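**Student:** Build me a structure from this.
(2 chains, ligands or ions: 1)
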Amino acid sequence: MDKPHSGGEYRYIGKRIPPLDAYEKVLGAAEYTFDLEIPGMFHVKLVHSEYAHARIKSIDYSKAIRVPGVVSVITGRDIPYRVGIYVGDRDLLAIDKVLWIGHPVAAVVAENLRAAEKAAELIEVEYDPLEPVFSVEEALRENAPILHENLDKYRRLPAFNPKPGTNIANYFKLVKGDIDKGFAEADTIVRGRFKLPYISHAYMEPQVVIAWYRYSGDIEIWSSAQSPFAVRSLLSLSLDIPAGKIKVNVPYIGGGFGGKAGLGWEALAAMISRHVGFKPVKLMLSRAEQFKSAPVVPGMVAEAEMGLSRDGRIVAYRAKFLFDSGAFADYTVNISRTAGYACAGSYDIPNILCESYAVYTNKVPTTALRGFGHPENHFVLEHMIDMAARELDQDPVKIRSRNLLKPGVSTTGTGVRLREDAGNPQLVLERISDLLDWTTPEVDPERPWVIRSKGIALSVKGPSQPPNASSSAIVKFNEDASVDVMVGTSNFGQGTVTGLAMMVAEAFGIPLEKVHVKPLRSTDASPYTWQTVGSRGLFTDGLALLEAIEDAKRKIKKIASQALKVDEDHLEIADGKVYVVGKPWISIPLEKIVMGYQFPDGTSVGGPVIGVGRHIAGLTTYLDPETGQGNPTIFYTFGGTGVEVEINILTGEIKVLKAVQVYDIGKAINPLLLEGQAIGGFVMGMSRALYERIIFDEFGSVANPNFSFYYVARAKDAPDNYLIEFVETPQMDGPLGSRGVGENVMISVPVAIANAIYRATGVSIKELPITPERLVKAIREQRPDLFEQAFKAYIDSMV
Amino acid sequence: MSSPYITLPEFKYLRPKTLDEALAILDRYGEDAKIMAGGVALLSFMKERLIEAKYVVDIKGVRELHYIRFSEGDGLRIGATVTFSEIEDYILQRGLVQRFRALYQGIKKLSDPVLRNRSTLAGNVVEALPIVDGPCLLSVFDSELKIVSSSGSRVVSVSEFISDEGFIDLKPNEIVVEIHIKDPPKGFVSTFRKYNPVTEFSMVSVGMSAIREGGRDLRDVRCVLCAATPKPVRLRRFEDLVSRVSDLRSSIDELLSSVESEAAGFIQDDPYASREFKLHIAKMLILDSLKELRSL
Ligand SMILES: Cc1cc2nc3c(=O)[nH]c(=O)nc-3n(C[C@H](O)[C@H](O)[C@H](O)COP(=O)(O)OP(=O)(O)OC[C@H]3O[C@@H](n4cnc5c(N)ncnc54)[C@H](O)[C@@H]3O)c2cc1C
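**Tutor:** Just a heads-up that it's a prediction; the model follows:
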């Protein structure tokens, strides 16, 4: 992008500008789908299965239907559709068979929510229980009960590989080099088994949708969804309705973190709307339903093996990831695939074998979360490296440095040469280690039973999207030469739209106040984007926007050239004006151009200016089904985390004192919002490391479906000290050289914390969350001497 | 605490202005009426359909229940509608922090200011779930509840008010009007420890008080174990032992095994922590409390 005429400095780009929607949100004035009402609208309440695996014998709603205000009760047989983004394995309401406790079996529709809730209690469902499976290990056993007998009949995208007749929803394999040879050459081998729990996205606004199926056959949806166009195309595909008949509106969204990607409850609500006589209906989940019936985040177990040469080169890496997808693997198949192809992280490893499975179990279904397979595979890889470092008596920073991918030189795990401008992982590592003061020993605290320690971990992440994912953007001028920026990418806290608005203000040299990005996304009024996921928004929609800006500029110059009688090539746009190059005193303000130019005699040329731009992934490919080799992503953002923690050996309490976050984002378009992401990502990662887990009881029911017992980090738990830095190695084809970073900022946090514990104590914790009990137990098992010493020191301090 | 419900069930909201009026409402509607103070517990339980109330009787408008007083020798008297924040401010402003230290510490650790601005000590004690702190804090002191109905009034100690199984001694027509925390004797020291890094609520809490007469030794120790137990439990054998200890170091093992044998029977596994771990934390909190009381 040209720098503005005056001074040659950016006016907006690189400046700390607060998010444009901050005031509305802080004042509580922002309207979310939850707030919307349509006159005459009905309310829907779901009835949930009480069995983890059972055939439905009968559903008796005779009592429910008599509750005053109740309009109708709908069951799965009324609407026997299957939906999904990658694998169409989801039903709208259970059809004949329930697959988890919480599986919606019926929907009550009533004039008001209270009546619907009351009636829902009165529905009696008779079940024929089937044997359930609750863990991936059980589900993979031969003769395990099968959840989806018709797996082969489901619609799916070609990148996925289910195994009909089993509970395997997807199998992915990455093969690079010769794994056996690699291990044969290794001087040392470290091994580990890792486990991550189911967690919740814990976004503030539970899922909510309003749907109105009209007599004309047109459907209008309002939804708390991340990606209106994905909702539309999936509705169209699964309900067999032309896309043009469907309109999806997305107002402000109360958080998403990936959990509102793909399709939510829109298809169910739309079919209910039709069923009750083409009336608008609203379905909103309570927090408990959000935990028990809506998709959460998969658990994982993994086994890994790493072979190294004596000098600390990683020569072979083998990993197997089993993702617990719950009853539907719709989106989780792609998490498993991504964890597999990105298993080697930031490292140049010659011999790799990574296998990854998504496995059905009789638990609440799962979906994407910020990081998408990367927090999982990095938790394994980055801890294995620390284990190897200890085994070889090497420094964890140095061993990482020795193995890092070199842009322009190394090939990635999927066999592509890392592009020259992919970033500077060595510098990232150096900066983390400097900011953390890595080599300075921890201060000796007064309380010897409390240990301080530092840990680091690196991460790399690019969007996991179909190879043809595309975006578009429009800049539309208004009479006052202000600009409506129209993009498909949604804003649920990332700040992307603020960055996009800044790019437009910069390009035309107009005040930011004159750039308008409306909160509402709508498939009718917004230009297309595939989805708002994968840290892709600023990159893909930003590139489309830059093209739209160029298009608008061309159109403006064409009009101005007629007005000024100067060749278009001799014009430039800055400070809200069109100038003649070299004669900046000859100019016309944009106001006089953007609706067409009028000559003094009244005649006119040109017309309203609208710039259009687009972007498509381009050179990314499908991955080879046998080897996983290919080009999966449009950029790689390298980064990492350093932490200093305080560990109470006796009570297991862990306090993070300092957080270091460094990411090579190419170009910091808005450092303030970047820091916001880095801090938010840190706290989210820390919360996952130390607190978050969905607990299932012996029947497979969620035992802690609320924030009192599903603990999420509170303000008091967050560290006081953040050191955040951005490296700027521009990516030549990125918007202003930038890359996406929204997810990466949390990927390495949990493992950095685990590594910090390991560094000071030698106690390796391979299971999250690192609860006090788990930590104390691990210390007592792995380092009883440490525990005894600490206890003795404590007693000494008493007397 | 979780609910598939978004709505509250229907109810009538009543706001009496006097205690007599409130008592008359209870007499009239019996079990159908429920007293509301802060409403923090009542409304959540109603939302979960765990408490049914056709009439919600908000006593925050009853002026005569809104007071807090301290007098030397008598102690603190706290009316039923006084919030935790109001108690916190009062203790601080009247210079009573040392005297009621455990109470003050406990209130400071009770959730967050938003919640403390709303919820009352009386409501908390009537809620009486193991996870709430009020009964525990009161058990560190000699405390009594004054309870009235249209037919009279009575006074019960906190430990009598809550049965061993955790049920409360309150009839539908009764209102807790006052909490009386007796003025502690000279040399009295107290402290409160709460361990809650795993859920919102406490996993184990310990309240401890003692008399210090010069030196570091403690006399008349009172040790209350809470949260992991169905109600606050006094560890009497431990109290006896520790009140007689002369050389703490050589007695540690004995003290801890007395805690173990006394507490073990009350503590259960739950999904958030094992029995063993809770017991371990209980011991650590007890040691920590001892350490603090000895160094005050
Ligand atoms: C997010 C969250 C965090 C919390 N954290 C903590 C914590 O850390 N520690 C803690 O101790 N608690 C905690 N609580 C619980 C909370 O403190 C209690 O629910 C609150 O103190 C109850 O007081 P209230 O005034 O709101 O009572 P209400 O909800 O009004 O009443 C509670 C019960 O007592 C009855 N009642 C109230 N007043 C009287 C009276 N005068 N006479 C007779 N009956 C009466 C009501 O009918 C009801 O059954 C937490 C709650 C939440 C939601």
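**Student:** which phi and psi does A:A115 have?
**Tutor:** Main-chain torsions, A:A115, degrees, to the nearest 10: phi -60, psi -40.
**Student:** swap that for B:N117, sorry
**Tutor:** Dihedral angles (degrees, to the nearest 10) for B:N117: phi -70, psi -20.
**Student:** Same check on B:L279?
**Tutor:** According to degrees, to the nearest 10, the main-chain angles of B:L279 amount to phi -70, psi -40.
**Student:** next one: B:E86
**Tutor:** Per-residue torsions, B:E86: phi -70, psi -40 (degrees, to the nearest 10).
**Student:** Please tell me how far it sits from the ligand.
**Tutor:** Using C-beta to the nearest ligand atom, to the nearest Å, we find B:E86 at a distance of 12 Å from the ligand. The C-beta positions use only the backbone N, C-alpha and C, and glycine is treated the same way.
**Student:** Can you tell me what sits against stretch B:29-46?
**Tutor:** The contact list for stretch B:29-46, computed with C-beta atoms under 8 Å, 6 or more residues apart in numbering or on different chains, reads B:1, B:8-9, B:11, B:14, B:22, B:25-26, B:51-60, B:80-81, B:83, B:115, B:118-120, B:122-124, B:126-127, B:172-173, B:175.
**Student:** residue contacts, A:L543?
**Tutor:** By C-beta under 8 Å, 6+ apart, the contact set of A:L543 is A:S471, A:G613, A:H615, A:D733, A:G734, A:P735.
**Student:** Let's see if you can find the most crowded of those residues.
**Tutor:** Within the contacts of A:L543, most neighbours by other C-beta atoms under 10 Å in any protein chain shown means A:S471, with 29 neighbours.
**Student:** three-state assignment of that residue?
**Tutor:** strand (DSSP: H, G, I helix; E, B strand; the rest coil).
**Student:** any idea how far A:S223 is from it?
**Tutor:** Counting by C-beta to C-beta, to the nearest Å, the gap from A:S471 to A:S223 is 20 Å.
**Student:** just checking, A:S464 is part of a helix?
**Tutor:** No. Read with three-state DSSP, A:S464 is coil and lies in no helix.
**Student:** what sits against it?
**Tutor:** By C-beta under 8 Å, 6+ apart, A:S464 lies in contact with A:N334, A:R337, A:T338, A:A342, A:F372, A:G373, A:G534, A:P632, A:T633.
**Student:** do that again at 6 Å, thanks
**Tutor:** By C-beta atoms under 6 Å, 6 or more residues apart in numbering or on different chains, the residues touching A:S464 are A:T338, A:F372, A:G534.
**Student:** Most proximal residue of the stretch 151-296 of chain B with respect to the ligand?
**Tutor:** When scored by C-beta to the nearest ligand atom, the stretch 151-296 of chain B has B:V176 as its residue closest to the ligand, at 3.8 Å.
**Student:** now chain A
**Tutor:** For chain A, C-beta to the nearest ligand atom, closest residue to the ligand: A:S708, 5.9 Å.
**Student:** How about residues contacting stretch B:105-118?
**Tutor:** By C-beta under 6 Å, 6+ apart, stretch B:105-118 touches B:G38, B:V40, B:F84, B:S85, B:E88, B:D133, B:L137, B:F192, B:K194.
**Student:** For the third one, give me the backbone phi and psi.
**Tutor:** Reported as degrees, to the nearest 10, the phi and psi values for B:F84 are phi -60, psi -40.
**Student:** How about the last one?
**Tutor:** In this entry, B:K194 is assigned phi and psi values of phi -130, psi 130 (degrees, to the nearest 10).
**Student:** My read is that it contacts B:M203, right?
**Tutor:** No. Counting by C-beta atoms under 6 Å, B:K194 does not reach B:M203; the two are 8.8 Å apart.
**Student:** okay, the residue lying farthest from the centre of chain A: pLDDT?
**Tutor:** Computed with C-alpha atoms, centre = their mean, the maximum C-alpha offset from the centroid of chain A is found at A:D601, amounting to 56.9 Å. Note for A:D601: predicted pLDDT of 97.
**Student:** Kindly report the same for A:D2.
**Tutor:** On the pLDDT scale, A:D2 is placed at 53.
**Student:** do the same with the one 3 residues further on
**Tutor:** Reported pLDDT at A:H5 in the predicted model: 45.
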